[in-house]
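Novice: Just need the structure, nothing else, for what follows:
(one chain, ligands or ions: 1)
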Amino acid sequence: MSVPPSLRIYAPLNAVLAAPGLLAMAALTIPDISARSRLALAALLAVIWGAYLLQLAATLLKRRAGDLRDRTPKIAIDVLAVLVPLAAFLLVGTPDRGLYCAVWLLKPLRDSTFFPVLGRVLANEARNLIGVTTLFGVVLFAVALAAYVIERDIQPEKFGSIPQAMWWAVVTLSTTGYGDTIPQSFAGRVLAGAVMMSGIGIFGLWAGILATGFYQEVRREDFVRNWQLVATVPLFQKLGPAVLVEIVRALRARTVPAGAVICRSGEPGDRMFFVVEGRVSVATPNPVELGPGAFFGEMALITGERRSATVSAATEVSLLSLHAADFQMLCSSSPEIAEIIRKTALERRGAAQRNSPSTDLEP
Ligand code: CMP
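Specialist: Next comes the predicted model:
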């Protein structure tokens, strides 16, 4: 589950270098910038190109042959980022040379996890998307035909053929409305209104299908990841398969960097946490460290009181969090787990406030 160290460095570096590179490229297209600024911008492009060259060299040197095959698309982007501007520098005339640095647009995408997800969403939703696209095509053609029939005699230069009317239909159906072509007749305007309304519906359908597809894909990924993570928390091994599935769905995975505060003393608490990897430090009078398999944040959920201590990440820590409502579900489905959590909370409270009267800790 850990990110390779090289990726951690390269992913932000790619974005950080590409942004000024592309801005410099854009600035070079302004006709009236001074020769000095032009030189400075060109120097900036050269520096970024040099950095990408070093990155490519480092990647090629480090990767063993097997890894190289897996990373072919990424290395292809690295190679293009170096070769395209170099070829432009050698072969293209001065004013347009910088434009070829546009290939750096690919750099931030190189490490993006979004595109594989998008690919899966499109594959999963292909049938629905094709259905809506077909509907769009049918409506577009029918509307262009109607507009042609209604407007061809009034505006032959704009609606004189179906392909001409189709331009108006696309602009209207997509609710873009350039205003370059406007129906003149009453019937044409009624048609335009109906087209705009159906355009909103069709684009809404597209957006809905994609949003649902993304949601399902993300939930699926979360489920698979959480399923692997719960195996490292012994407490969950006491659950039967049905409850386990519910809990896996309810858990949220999160990685917290070393030193970051996870919950602060005195805050209201609406979730508890399970440590999957790494360690957390509980700032009690005698500070305690909790490691993989341990849980914390349960006291606020059981008593309804505010957080009793500040908990921070002693190392980078991978956590699973469980919301209060799902915690109640866990406790009612598994009295055994409820009892373990309640006992642990009692012990912790006893350790922290030896002389104070015990509070009722029934979940
Ligand atoms: P809560 O009070 O919700 O938030 C802070 C958490 O720190 C608390 O729940 C416990 O899970 C944890 N905690 C408090 N005291 C101790 C302790 N003595 N040992 C281990 N964990 C503790």
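Novice: Just give me the longest helix of the protein.
Specialist: helix 186-230 (DSSP state H).
Novice: Could you give the separation of it from the chain centroid?
Specialist: Distance of helix 186-230 from its chain centroid, counting by Cα atoms, centre = their mean, to the nearest Å, is 17 Å.
Novice: as a whole number, average confidence for it?
Specialist: For helix 186-230, mean pLDDT is 95.
Novice: and G259, what are its phi and psi?
Specialist: phi 90, psi -20 (degrees, to the nearest 10).
Novice: From P108, how far out is the residue sitting nearest the centre point of the chain?
Specialist: With distances taken as Cα atoms, centre = their mean, F114 lies nearest the centre of the chain, 6.1 Å away. According to Cβ to Cβ, to the nearest Å, F114 and P108 sit 10 Å apart. All C-beta spots, glycine's among them, are computed from the backbone N, C-alpha and C.
Novice: all strands for the stretch 201-350 of the chain, in order.
Specialist: With strands called from DSSP state E, counting those that start in this stretch, the stretch 201-350 of the chain shows them at 252-256, 261-263, 271-277, 280-282, 288-290, 295-296, 311-313, 317-323.
Novice: Contacts for the fourth one, please.
Specialist: Contacting residues not belonging to strand 280-282 are listed as 262, 273, 287-290, 294, 296, 309-314, 317 [Cβ atoms under 8 Å, 6 or more residues apart in numbering].
Novice: Just the buried subset of these, please.
Specialist: The neighbour-count test (16 or more other Cβ atoms under 10 Å) marks 262, 273, 288, 290, 294, 296, 309-314, 317 as buried among the contacts of strand 280-282.
Novice: ok, C101 to P31 distance?
Specialist: Plainly put, C101 is 18 Å away from P31 if you go by Cβ to Cβ.
Novice: same deal with E339?
Specialist: Distance from E339 to P31, by Cβ to Cβ: 76 Å.
Novice: okay, those two: which has more neighbours?
Specialist: E339 (12 against 5; other Cβ atoms under 10 Å).
Novice: Find the nearest non-adjacent residue to F236, please.
Specialist: Nearest-residue entry for F236: V230, 4.6 Å, with adjacent residues in sequence omitted and distances by Cβ to Cβ, 6 or more residues apart in numbering.
Novice: Run a quick neighbour tally on that neighbour.
Specialist: Other residues near V230 come to 20 when the count uses other Cβ under 10 Å.
Novice: any low-confidence regions in the stretch 51-200 of the chain?
Specialist: Residues of the stretch 51-200 of the chain meeting the criterion pLDDT under 70: 63-72.
Novice: residue boundaries of the helices in it?
Specialist: 65-70, 72-91, 94-97, 107-110, 114-124, 126-151, 156-159, 162-173, 186-230 (DSSP state H, counting those that start in this stretch).
Novice: so what's the backbone phi/psi at whatever residue of the stretch 51-200 of the chain ends up closest to the ligand?
Specialist: Nearest residue of the stretch 51-200 of the chain to the ligand, counting by Cβ to the nearest ligand atom: T113, 32.2 Å away. Listed backbone geometry of T113 is phi -90, psi 0, with angles given as degrees, to the nearest 10.
Novice: How about the contacts made by it?
Specialist: Applying Cβ under 8 Å, 6+ apart, no residues contact T113.
Novice: that older thread, now the helices of the stretch 51-200 of the chain in TSV, with distance to K238?
Specialist: TSV is the format used below for the helices of the stretch 51-200 of the chain (distance: least, Cβ to Cβ, whole Å):
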stretch	distance to K238
helix 65-70	39
helix 72-91	43
helix 94-97	66
helix 107-110	44
helix 114-124	34
helix 126-151	41
helix 156-159	73
helix 162-173	57
helix 186-230	11
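Novice: I'd like to know which of those helices lies nearest to C331.
Specialist: Closest to C331 of those, according to Cβ to Cβ: helix 186-230, at 16.5 Å.
Novice: Can you list the helices and strands that that closest one packs against?
Specialist: helix 114-124, helix 126-151, helix 162-173, helix 241-250, strand 252-256, strand 317-323 (3 or more Cβ pairs under 8 Å, 6 or more residues apart in numbering; DSSP states H and E).
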